[in-house]
Structure formats: structure tokens, C-alpha cells
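Asks: only the shape, not the letters, is given here:
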């Protein structure tokens, strides 16, 4: 990945444009502002210019339109205060997200239903834990990672430990949503995310020191980001926490925008030797849940980011190379969240369709709860798969005794078989499961309606 070309300074461009030419080009300003799709200079310079303008003149007009905006107390390493604007595309994304999450009647029934919502929370925690770790280089397949988290087995290597740490941290965040953010809490979250995964074990849960060189680079050593000096971290983190808690005076900031800016702030300051990305995304979730967006229990942003990680990195770089304009990162992240909301609806609809396809066979077996129905629907789709009490417990977020009762009841009905020669018990659905369900249906035909 190449760092984007830094834009020409608009103040210098203004001095280069002759007064009569300035009067001529500013007549086009309103049309340029109306059509501004928030391209970075690196992209704009490659596009055909509006008629009669050079790229430099076009950029000057674009920057004039972006001059107003809201500032936040985050300063870049040059001392500039970061700011952002609210172009129409951001407002449209916020509306789509609020429409998809803010109203209970817009949510899938399974997410709103207390008897089934735990399953979707667990699924989201697993998805976010895996993909957030993969963004930071964890090398393991999704299926192996899911099996580890659902079965509760101990991680075998550092990559698996990263995933387990992320999963446990996401669980902690749900319990911490009512707490104000402090530098100590930031460090505690970092420790939770990184424990047992760092080259320097003592670096977990503390800010980097002045003798620890931390830069964002590629494999060839190209430096993309030099974070602020370690000596500034205490004061910068105090300020970040005040911003996150909403205790700083200032204008209203939409909750999602505040969470996105918190995500950027932690990543920009890069206060830790390693694990900054995972901690930044954890803080994003803390912020959304604290601000009342409880449905972010079901949303995984990392699964969307992982599909295009270069765009994620470029969103940071566009901010850094263009006058600390946070709008680039906001545009990227609101699009990510909108896609994650759509992914939630698609996933729930997929699970619903899976259950509906099995309903014909499952309807004949009376007394099955939702958890047992979902297990059998999965078994019909994947015959021969193994199930454990612990895995069933973790999948549905229930206590051990409830999971044990679920599986033993299915065994008593002859729908699962149990390996009695080893502990923990392993249950299997045989390939003959469809025939067994059909036999039960034949023996219990539906009552006719007179």
C-alpha cells in the first residue's frame, strides 16, 4: 500500500491564482460544493476536472467548501486541531443506520425475542472477536476459531489467544457500558485484549514509554504514521476520556460520530506498544453501548472492515495528509456500520429460512424449544456434526444445566446419540436423522379439521 500524495496547501494556491482568475473560478464554487463527493487530493488529481478548471483550482474550491466544520480537542502532531464536516452522504448513512437500528419494529423478531436474542449476541461476539484479530494478523480459519470459542477449549497458540482475548473483552464491554471512561479503564481493556500475545509481556495494560519506538509501517519499513510522543500520552488520554464521556463543553455530536471519533483518537495517539487497533475498536463498542445503542450487541464492524482492510487504512491516512480532516474516516466508518446493519438482517433472515426449511420435519416433534429446533435444523444441514453440552451452552448463552437438559432430551427422543465412553459427552446426529423425523411425523399425523 502506498501513502496518498499530500494535497497542495490551499493557502498557497490562493496566492498563486491571479485576482481576475479568482473572480472567474469562484463563480463555479456553489456547483462544486454541491457535487463534492469528498475525494482526497490523491483521487481528485486523477479525475477529469470540471470544465475550465485546473486540478489545483478545483482543489482550492473544494477546500473552501470544506472550510467550516466542528473541531474536537484532538491535535495532530503538527498542532492542528482535528475537525469534521457533515456532507450529505454522512447524513444519509446516519439516517439509514438509525432507521435500521433505532426502531424496535425495524428489527428482526429473533433479535427482539428474549428467548432467542442470546444466540445472536453470542454469534456477534464470536464474529467480532475473530475478524478483529484477523485484521491484526491472527492466522487461523474461522471454523477452527468458532469451534474453539463455542467448545471452550484453551487456545493453542498466540493467534488463537488473540481471538479468545477479544471475545472475553467484548463480553466485559457489555458489563462496562455504564462506567465512565478513564485512562485506567483504557489500560484495563488493552490488558484484556493483549494478555499473553505481546512480544513484550510487560507492555500489556500500560502506555508506551519514551524509549519504545512505535510507528505504523508496512513490511518494507515504510512509515505511514508517527504517533505523538510518549510524554504527551497521559494528558492526551485524559482529554480523550473527557471527550468520550461527553463532559467537554461543546455542540451536540451524534452518538455514532462520537464513537467513530473515539475509535480514530485512540488509533491516532497509538498509546500502546501493540494492540492499538483492537483496543480502538473495543472502545467504539463501549461508546455505542454507553450512549444507548444497545443493539450494537448484534453488530460486527470488523467483519466488514476485513473485506477491504486497505480502505480502512487509507481512511486514516487521508485524515493525516489533509489538514486533520476527520470526515474521511467518518465517511468510511458510517458506510461500514451501515453494511454491518444490513449483514445483521441478512444473517437473521438466513437463520430463519434455515429453520423454516426444517419446520416440516420438526413440527411433528412436540415440545422442542427454540434451541433444540436450531440444533436439529443445523444437524439436518450438516449431518454427522458433533455437539457438546458446553458448546450448546455457549452458543445460546444459557447455563450448563439448561444445555445438558436440551441435549439429553434429544437423545431420549432418539434424535441424537451420545458417546458414553468418554467425558465430556459428545452427541451426534446420525445421517438417518431425516428418516427418523419422517417416521415420527408419520406416527403423529396432524389432526384433521372437521
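Replies: Thanks, I have the structure now. Source: prediction; values computed, not measured.
Asks: domain ranges for this protein?
Replies: Here the domain parsing of the chain from automatic domain parsing is 10-67, 75-346, 363-443.
Asks: helices and strands around the lengthiest helix in the chain, which ones?
Replies: Identified as the longest helix of the chain according to DSSP state H is helix 327-362. Counting contacts by 3 or more Cβ pairs under 8 Å, 6 or more residues apart in numbering; DSSP states H and E, helix 327-362 packs against helix 88-101, helix 109-112, helix 117-135, helix 255-269, helix 302-305, helix 309-321, helix 370-381, helix 433-443. C-beta coordinates here come from the backbone N, C-alpha and C atoms, glycine included.
Asks: in terms of mean pLDDT, which of those helices ranks lowest?
Replies: When the helices and strands packed on helix 327-362 are compared by mean pLDDT, helix 109-112 comes last with a mean of 61.
Asks: one step back: can you put the domains of the chain in JSON lines and add distance to residue 1 and mean neighbour count?
Replies: Formatted as JSON lines, those follow (distance: least, Cβ to Cβ, whole Å; neighbours: other Cβ atoms under 10 Å):
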{"stretch": "domain 10-67", "distance to residue 1": "12", "mean neighbour count": "14"}
{"stretch": "domain 75-346", "distance to residue 1": "6", "mean neighbour count": "18"}
{"stretch": "domain 363-443", "distance to residue 1": "37", "mean neighbour count": "16"}
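Asks: so for residue 341, which of the helices and strands packed on helix 327-362 sits nearest?
Replies: helix 88-101 (4.1 Å; Cβ to Cβ).
Asks: show me the shaky parts of the protein.
Replies: For the chain, applying pLDDT under 70 flags the ranges 100-117, 219, 421, 444-450.
Asks: quick one: residue 438 and residue 363 touch, right?
Replies: No. Judged on Cβ atoms under 8 Å, residue 438 makes no contact with residue 363 at a distance of 11.7 Å.
Asks: could you pull up phi and psi at residue 73?
Replies: phi -70, psi 10 (degrees, to the nearest 10).
Asks: burial of it, as a residue count?
Replies: 14 (other Cβ atoms under 10 Å).
Asks: helix or strand for the residue lying closest to it once chain neighbours are set aside, which one?
Replies: Nearest residue to residue 73, sequence neighbours excluded (Cβ to Cβ, 6 or more residues apart in numbering): residue 239, at 5.4 Å. Residue 239 belongs to helix 233-245 when elements are defined using DSSP states H and E.
Asks: who touches that helix?
Replies: With Cβ atoms under 8 Å, 6 or more residues apart in numbering as the test, helix 233-245 has contacts from 72-74, 180-183, 186, 207-208, 228, 248, 258, 261-262, 265-266, 269, 271, 283, 287.
Asks: also compute the angle for that helix relative to helix 255-269, please.
Replies: For helix 233-245 against helix 255-269, the angle by axes from the mean of the first three to the mean of the last three Cα atoms, to 10 degrees is 170 degrees.
Asks: test my guess that residue 165 contacts residue 191.
Replies: No. Contact criterion Cβ under 8 Å: residue 165 and residue 191 do not qualify, at 9.3 Å.
Asks: residues contacting the most centrally placed residue in the chain?
Replies: Nearest to the mean C-alpha position of the chain, by Cα atoms, centre = their mean, lies residue 301 at 2.1 Å. Neighbouring residues of residue 301 by Cβ under 8 Å, 6+ apart: 128, 281, 284, 333, 336, 337, 340.
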